[in-house]
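>>> mind looking at a prediction? Sequence and model below.
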Amino acid sequence: MKKSVLFLSILFSFNALFAQIALTKKTLYYNGANASDEIKLKTVIRNNSTDPNDDTLSWVIAEKNLPNQWGITFCDPIDCKSGVGLGDSREFLLNTGLGAEIEIGLSFSGVAGTGNMKVIFKSKMNPANSDTLYITANSWTTAVKEVKKTSVEFAFYPNPVKETIHIKYASANDVRIEIYNVLGMKVKSFTADGGSASMNIADLKKGIYFIRMIDGHSILSRQFSKID
């Protein structure tokens with residue numbers, strides 16, 4: 001039985017590695033202060049099909065949850081489209097055996113917030129051959145303190161973390177602790193006092209998360225990894 005499970009696991013990994021349409025990065029994220037310039041996130045899409053006629057791919061915006069004031073530009077290997085919305089799509093050519101860059105440009109217009117998008121890529125000839133790109137951004141106004149400049153005021157350990165994350169902060173006030181996944185969804189939150197706190201995250205799935213501390217008008221945010 002164990003050998004069968006191992007064989008299926010290896011087979012699944014092999015198929016995923018050589019999927020006919022494959023993104024080198026399936027999740028793109030930005031976590032930082034509002035930038036005056038456009039933030040650019042990039043990945044590469046590959047067409048691993050062995051059929052030379054299977055060279056037409058498409059993308060569609062399957063989900064879009066961004067603050068209204070944010071601007072977005074979506075660039076496929078052929079062209080760029082500004083202001084893409086839910087349901088927008090386009091076809092583009094990508095010869096078999098080749099890869100090409102996908103670029104997403106985000107501008108925040110000074111507006112803080114959290115947003116996410118989901119983009120599905122498909123083969124025109126074989127729509128079942130597809131891959132999905134997840135994009136998430138967490139941005140705050142430039143008046144907010146950045147973690148790299150205030151590391152003494154907000155610290156946590158261990159990182160990566162398996163079960164319990166311990167938090168220390170230099171504030172006499174009650175603070176709000178929040179955890180977000182890479183899709184921009186808040187998965188845990190609580191109010192802490194006394195300068196330190198602990199949170200059990202054993203129930204969270206393995207992956208990348210953001211921990212945010214809100215102290216009055218200041219928001220400090222950092223990235224951490226959850227392991228099994």
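That came in fine, so what should we check first?
>>> domain ranges for the protein?
18-140, 147-226 (automatic domain parsing).
>>> residue 61 and residue 136, how far apart?
14 Å (Cβ to Cβ, to the nearest Å). The C-beta positions use only the backbone N, C-alpha and C, and glycine is treated the same way.
>>> quick one: which of the two has more around it?
Set side by side, residue 61 and residue 136 show more neighbours around residue 136, with 25 against 19, by other Cβ atoms under 10 Å.
>>> isn't that one up against residue 41?
No: with contact defined as Cβ atoms under 8 Å, residue 136 and residue 41 do not form a contacting pair (9.7 Å).
>>> now for those two: what residues contact both?
Residues within reach of residue 136 and of residue 41 at once, by Cβ atoms under 8 Å, 6 or more residues apart in numbering, are 28, 29, 30.
>>> which among the residues you listed end up buried?
Burial by neighbour count, judged by 16 or more other Cβ atoms under 10 Å, picks out 28, 29, 30 from these.
>>> now do the helix or strand in which the last one is found, average pLDDT.
Read it as residue 30. Here residue 30, judged by DSSP states H and E, is contained in strand 27-33. Throughout strand 27-33, pLDDT has a mean value of 82.
>>> repeat for stretch 38-49
93.
>>> now do stretch 74-90
Mean predicted confidence for stretch 74-90 is 92.
>>> so residue 214 makes contact with residue 171?
No: Residue 214 lies out of contact with residue 171 (Cβ under 8 Å); the separation is 10.4 Å.
>>> tell me where the model's unsure across the protein.
Low-confidence segments of the chain, defined by pLDDT under 70: 1-18, 33-36, 140-153, 183, 217.
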